[in-house]
Every structure is written in structure tokens, then in C-alpha cells.
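Asks: sequence first, predicted coordinates after that:
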Amino acid sequence: MSDMNTAMVEKYRSSFLKEVEANVEEGDWVKMCMQCGVCSGSCPMENNWEHPPQELFMMIRANKREEVLSSSSMWMCTSCYNCIARCPRGLPITHIMHGLAHYGKRLGLAPKEQPTVKFSQLFWDNLTKTGRVNELKLGLSLYFMNGFGEGIKTALKMKDVGLGMMKTGRLNPFEIFGGHSCKGASDIKKMLAKAKEIEESNTAEFKG
Amino acid sequence: MAKYEYSFYPGCSSQSKASSVNYQKSTQTICEELDIQLNDIPDWNCCGASIGYGGGGELPRISLSARNIAQSQQAHGQQDIVATCAACWLATREAKERIEDSEKVRTGVNAALGEIGIEIATEMPKTRHMVEVLIEDVGYNEIAEKVKRPLEGLKIAGYVGCQTNRPFGIDGESYENPKYLDKMIETVGADAVVNYDKKVSCCGGALMFSEPQKSQALVKDIIESAYDGGADMIVTPCPVCQMNVEVYQGQINKDHGTNFNIPVVYYSTLMSVAFGRNAKDAALDGQMIRAKQLEDIANK
């Protein structure tokens, strides 16, 4: 993806705001931010991120491209929509956060070791395989995403949760052999490939 | 024919032996009691949930919901789509909005669906949360009429959480202090904790899996606030809220030196018991932290 990154830097030289407007989901709303900070004051992750949402919006306008797209801040979005509900200007902030995160990842700029960056991809791969989420495989892939040793440690730590879920009939050990799936799983893959192709060609075609 | 009929989108976590199969079971029970018929969307797929954005961009994600909408139309015409899961409801509703509002999205989605020979015919049906159906179509009065065993003496904290409350919310309710869950609690004869100040706070959602410490700190406050209000248990309309607030209590106790042991149930569990159904129909066997008081009433 670094080729695409270089191409985008060339194309939008010194106007990161334009790049965001054209390529980030709901990114055309960024310019509407008036820096009131209500989003940041409403975010449950306020003690955890490097940059509050309104700061990210200002950084976009200030051309801090690399810093924004490689930030871990938007990956901490829990999708609680409090910022959207409270924004006096009606910015779809949650969606912009998701959009910035995804765009940063597409360009290969998202922080590689950030756990939610990894988990969100595991989740997507899990659901697109059969059309439905396989909770057991998702859980295991999460435990082992940092290697085998770490995986065993996490699995041991989470033992009570796993056993409790199994005992109450809310986790099926046999999901490891396949589990729930859509009959149209291959159709879903085809549909998603087409959707991705269109989205990528939209990005490439934009004349900013 | 049933009194109420809908096209039903169960979602991944409601499948057999999945994490909120107890929600599905108790929902079936209340639907039997209230004469609601749910017609499954044939071969429905995952909606992408809230965390899907990392791997899937806008169009792939919306296409997932669009396929469900098209399948629903094909099998059940213009019947409203009903979801029990907050994320399923939100994603499907949002997809409809984006497809309607943006020509770019509409064209893209149509092309993606066209690739597999299906299409969205005419206007898309509405997508509604089960809670909306209970409040708007059935109504509190009809629910109250079905109560055979009022849950007297139980004090319950109504934890609404995020996605059933925002960004769409339940019509006529405030984002900051929605009252519908408290009303449901009162309707089945229990007492709602007033001034439950974490009522609409976030449980961390999917971050519980990827960054558990951050999420568990949020859940700790949600539980503490319920105890402060004198709650015997917590009730919620969301599968992720239910799971996050119930099953990690042991971990939170270890990390924070707390001593939490509070049951977290669904509104449908409360109703099933109040309607006179047994513990199994109310899916009380699906509780990791057993709801003993409800079990006692159900076994009476």
C-alpha cells in the first residue's frame, strides 16, 4: 500500500483536508468542526487517546497528515455514538473516526502493533469467510494474535470466562470444525470483492 | 394469523450456542405470549458490527446490510425488519439511510448486489429494534395485561447502554436519560433504580476483546453505579452490554479488588418470568452469574 500512499501525497500535496474529504468515509464533514470540544468531553476513552477528536480535525486542517493517519486515537473509538448525539453541528464524528482509521490502514500507516487494529482485521476476516461470525475461532485468533506463548497465557487468564460461557450453552466448542455459515458464502465474497473494487476505483478517480 | 408479524434479522450472536442465545430464547418466549410472529430472513449474513470498519470500508460494510435487506424483501415483502441486537439494528438502519442519501453509495451497492444477481426492489423496509416493537406496536398496557407473576420487591438498574440509545435512539426518548427501560421494569412489577447515572455509559463494546483493561474500567463504573442505587440486578437491551457487564466481573474483581456478583439479564428474560413462564423458557440457564431471585419466582 505504500505506492498508494506516495500517490496520495503527490496528488493532495499541502491539502490534507481535500484528501480527507475525497477519500475518508464522511470526511467531507471535517471542515464543519468549530472546535468546541464537546465530542472529546463526551468520549468514554478520554483518558486513553493521544489526540481528542476535535484536535484530530484541527490537525487535518493543519496538514498533519502522517500524524493523523498513523495515530492510534481513532482506533480507540468504541462506537458509542455519544459524540454524534451531542455535536452541536451534527458532525457524524463516529463515522469520521472509523473512516480515518480505515483510510490510514489502507495506506499502510496505521500503527502495526495496536491491538484494535489487529482485532478489527481478524473480525472482518472471520465474518467474511462464512458470512457469519464464528465466535470461538474469533476468540482463539484474538488470544493468539501476538504469538503462541502470549496466546497460552491469555487463554489461561480467560479460562473462567470461556468455561462459564460453555457451561451456560453460550459457546460451542464444535464451532472449531466449521460452525455457522451462510449458504451464499461464496456469493458474499464475490459481492464484497466488487464493493471493494468500486470503492478503490472511486478513490483513484477523484480529481481533487 | 399472528397479531403482529415481522421479518426477523437474528444476527450472529443469537445463533444456536452463540453468546446471546439466551436473548434469542427469551425473545421467542415473549413473542409466543404476545402473539408476535418473527419470520427469519433466509440465509441472512453478518452486518459487519461496529468493529468491522477496520477491515471493511464503507461500501463493503453497507453491502453486507444491503444483502440482508434484499433477502428480506424477496422473502417477506415490505414487512418491517426487526433486530434484537443493537449493532444489527444500527448497521441495517444506517445502511438504508446511506443508500437513500448518497447516490455514490447507492450506485456502488447496486453494482455489488448485481454481481450476485440480487437487488433491492422498490423502497427499503424499515428496520426496527425489538424494543420499538414492544413499545410502539404492542404497548405497555398490553405487556402489563400479560403479567401473571409481578416481579415484586426486585430492584433493577436499567442499563440502556449505547447503540440502542444512539445515534437513532427510541423515538421520543432523551439521549441522556431515556425512560423506556425503567418503564418496562415497572410494567413487569419491579422497581427501577432512579438516578442510575451510568444508564447510558459505554461498556467499551469490542474494545473488551482487544484492549480489555480500558473496557473493564468502564464496566466497573457501570456496575458500581448499579450497586450504589441499591440494585439486585441489571437489565439491558443489548447483547454486547449484557456480555461485557456480566462475564468479566471475575476479571474485574481480580484486577480492581472489587467483589462484584450482580446478575445482568435481558428485558426479555424479565418479561418471560413475569408472564409466568418457567426458568428454561426465560433462558435463566444462560446466566453466568445466576439470577437467583428470578429463578425463585420462575420456579414458584
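Replies: Everything's here; your move. Residues are numbered from 1 along each chain as shown, chains lettered A, B, ... in the order given.

Asks: remind me, longest helix of chain A?
Replies: For chain A, the longest helix by residue count, based on DSSP state H, is helix A:185-205.

Asks: CA atoms of that helix as PDB?
Replies: Written as PDB, here are the backbone C-alpha positions of helix A:185-205 (Å, rounded to 0.1, in the frame of the first residue of the first chain):
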ATOM      1  CA  ALA A 185     -20.900 -17.600   1.500                       C
ATOM      2  CA  SER A 186     -19.200 -17.600  -1.900                       C
ATOM      3  CA  ASP A 187     -21.700 -15.000  -3.200                       C
ATOM      4  CA  ILE A 188     -20.900 -12.800  -0.200                       C
ATOM      5  CA  LYS A 189     -17.200 -13.000  -1.000                       C
ATOM      6  CA  LYS A 190     -18.000 -12.000  -4.600                       C
ATOM      7  CA  MET A 191     -20.200  -9.100  -3.600                       C
ATOM      8  CA  LEU A 192     -17.600  -7.800  -1.100                       C
ATOM      9  CA  ALA A 193     -14.800  -8.000  -3.700                       C
ATOM     10  CA  LYS A 194     -16.900  -6.000  -6.100                       C
ATOM     11  CA  ALA A 195     -17.700  -3.400  -3.400                       C
ATOM     12  CA  LYS A 196     -14.100  -3.100  -2.600                       C
ATOM     13  CA  GLU A 197     -13.100  -2.700  -6.200                       C
ATOM     14  CA  ILE A 198     -15.600   0.100  -6.700                       C
ATOM     15  CA  GLU A 199     -14.500   1.900  -3.600                       C
ATOM     16  CA  GLU A 200     -10.900   1.700  -4.700                       C
ATOM     17  CA  SER A 201     -11.700   3.000  -8.200                       C
ATOM     18  CA  ASN A 202     -13.700   5.800  -6.700                       C
ATOM     19  CA  THR A 203     -10.600   6.800  -4.700                       C
ATOM     20  CA  ALA A 204      -8.400   6.600  -7.700                       C
ATOM     21  CA  GLU A 205     -10.700   8.600 -10.000                       C
END
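
Asks: helices or strands up against that helix?
Replies: helix A:115-130, helix B:58-76, helix B:103-114 (3 or more Cβ pairs under 8 Å, 6 or more residues apart in numbering or on different chains; DSSP states H and E). All C-beta atoms are positioned from the backbone trio N, CA, C, and that covers glycine.

Asks: please name the nearest non-neighbouring residue to residue 136.
Replies: You didn't say which chain, so I picked chain A. A:E175 (3.9 Å; Cβ to Cβ, 6 or more residues apart in numbering or on different chains).

Asks: um, chain B though
Replies: Spatial nearest neighbour of B:E136, excluding adjacent residues (Cβ to Cβ, 6+ apart): B:D171 at 7.2 Å.

Asks: how close does the one you found sit to B:A157?
Replies: In this view, B:D171 and B:A157 are 23 Å apart by Cβ to Cβ, to the nearest Å.

Asks: what about the two, which has more around it?
Replies: Using other Cβ atoms under 10 Å in any protein chain shown as the criterion, B:D171 and B:A157 rank with B:A157 on top: 29 against 10.

Asks: B:D255 versus the more buried one, what's the distance?
Replies: In this view, B:A157 and B:D255 are 22 Å apart by Cβ to Cβ.

Asks: what of A:S181?
Replies: Taking Cβ to Cβ, one finds A:S181 at 36 Å from B:D255.

Asks: between the least confident helix or strand in chain A by mean pLDDT and helix A:185-205, how many degrees?
Replies: Using mean pLDDT, DSSP states H and E, helix A:2-11 stands out as the lowest-scoring helix or strand of chain A, at a mean of 84. Interaxial angle of helix A:2-11 relative to helix A:185-205 (axes from the mean of the first three to the mean of the last three Cα atoms, to 10 degrees): 30 degrees.

Asks: domain ranges for chain A, per the record?
Replies: According to the TED database, chain A comprises the domains A:3-111, A:116-199.

Asks: what does chain B give?
Replies: What the record gives for chain B is the domain set B:4-130, B:149-298, from automatic domain parsing.

Asks: nearest residue to the residue of chain A most remote from its centre in space, please, no chain neighbours.
Replies: Most distant from the centre of chain A: A:K167, at 32.4 Å, with distances by Cα atoms, centre = their mean. The shortest distance from A:K167 to any residue other than its chain neighbours is 7.9 Å, reached at B:M288 (Cβ to Cβ, 6+ apart).

Asks: want to throw the domains of chain B into a markdown table with distance to A:M145 and mean pLDDT?
Replies: Formatted as a markdown table, the domains of chain B follow (distance: least, Cβ to Cβ, whole Å; pLDDT from 0 to 100):
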| stretch | distance to A:M145 | mean pLDDT |
| --- | --- | --- |
| domain B:4-130 | 13 | 97 |
| domain B:149-298 | 9 | 98 |
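
Asks: ranges for the helices of chain A?
Replies: Going by DSSP H, chain A shows helices at A:2-11, A:16-23, A:38-42, A:53-61, A:65-69, A:82-86, A:93-106, A:115-130, A:135-143, A:148-157, A:159-167, A:185-205.
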